[in-house]
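Participant: no sequence on this one, just coordinates:
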């Protein structure tokens, strides 16, 4: 009887121990960091700082962090923050151009725990979780995320790029490569999510939010499969690009401030810019995220859409060459729309309206 009781207690203790050790995405999020970059530049004869923010996560060692290469390429300084508080500087130790990844070495141990990487089926219909630091958000934020289904068993970046211009630009830059394997993202990814981990419910990293390019009036959303590329990053001999990426303002966020601005002034400007670029309509908000020209919109439309555009312009006798458009996005739904550059958005009786500044 006593022996049976002892076995029962031992079994109960094992269950408790396993439950206590169970990892969740929220627990793994404690190893996610905010990355702040600075690029010194001259604009209009004035010295300025271009501030970028991205996300990253600890892997393999407490002082190693994985993030997106386009977020740290060609920057002057890199600072890493643990949930907006304790921080240190970092340097780029390795890069993997194919997958647009960078491995950072922290200047000190911030108490981060390395995360576990796992493989995932690109056409999985399960729910996953992206944890990171969206633009002007100083505490970590988690969002649900799903993959877009594909007829391809192993989709590549090339399979979702439209227009030869985008492919040419990627070739010129050298990363990410059009042949890179990807996880197509069905839900939206916000500025600041560059390098953010995508977790399973038990806290394993199966993807790294990348984004990378805007296609006309719509974002092209993707993540890099962690199980395929992170181990390759650790042994890569690719050269670190010293020039800023053409993707620098896409899924990391960027704000320009005076060269002598204090950290407090920098934060105030980041919040002010985010507020200025957002139009709130009750519980819904749209955000001005980029500006593009008509040719880019046309080049990234499919053939049927191009036929409709040509017909419409011919009927109205319009020539939109050299015209530019501000693109707004609803980060929750991913819906995007274009307005003539400089047009102002406002809300009246629950409806969005646009009007020229003049």
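Facilitator: Sure, I can see it. Predicted model only: the values in this text are computed from it and were never measured. Residues are numbered from 1 along each chain as shown.
Participant: ok, which stretches of the stretch 201-350 of the chain are strands?
Facilitator: With strands called from DSSP state E, counting those that start in this stretch, the stretch 201-350 of the chain shows them at 205-209, 213-215, 218-220, 222-225, 253-258, 278-281, 284-293, 324-329, 336-340, 344-348.
Participant: List the buried residues in the last one.
Facilitator: Along strand 344-348, these residues count as buried under the neighbour rule (16 or more other CB atoms under 10 Å): residue 345. All C-beta atoms are positioned from the backbone trio N, CA, C, and that covers glycine.
Participant: Please name the residues that touch the closest residue to residue 27 other than its chain neighbours.
Facilitator: Leaving aside its chain neighbours, residue 27 sits nearest to residue 203 (5.6 Å; criterion: CB to CB, 6 or more residues apart in numbering). By CB atoms under 8 Å, 6 or more residues apart in numbering, the contact list for residue 203 reads 23-28, 115-116.
Participant: ok, 10 Å please
Facilitator: 22-31, 115-116, 118, 129, 131, 197 (CB atoms under 10 Å, 6 or more residues apart in numbering).
Participant: Tell me how far it lies from residue 102.
Facilitator: Distance, residue 203 to residue 102, by CB to CB, to the nearest Å: 23 Å.
Participant: again, but for residue 42
Facilitator: To residue 102, residue 42 is 26 Å away according to CB to CB.
Participant: Looking at those two, which one has more neighbours?
Facilitator: Per other CB atoms under 10 Å, whichever of residue 42 and residue 102 has more neighbours is residue 102, with 31 against 9.
Participant: confidence score at that one?
Facilitator: At residue 102, the pLDDT value in this model is 98.
Participant: so which helix or strand takes in it?
Facilitator: Using DSSP states H and E, residue 102 sits in strand 101-106.
Participant: That strand vs strand 205-209, what angle?
Facilitator: 100 degrees (axes from the mean of the first three to the mean of the last three CA atoms, to 10 degrees).
Participant: could you give the angle of the next helix or strand after strand 101-106 to strand 205-209?
Facilitator: Once the chain leaves strand 101-106, the next helix or strand it forms, by DSSP H and E, is strand 128-132. If you take the same axes, to 10 degrees, strand 128-132 sits at 50 degrees to strand 205-209.
Participant: chain center to the next helix or strand after strand 128-132, what's the gap?
Facilitator: Counting by DSSP H and E, the next helix or strand C-terminal to strand 128-132 is strand 141-145. Strand 141-145 sits 12 Å away from the centroid of its parent chain (CA atoms, centre = their mean, to the nearest Å).
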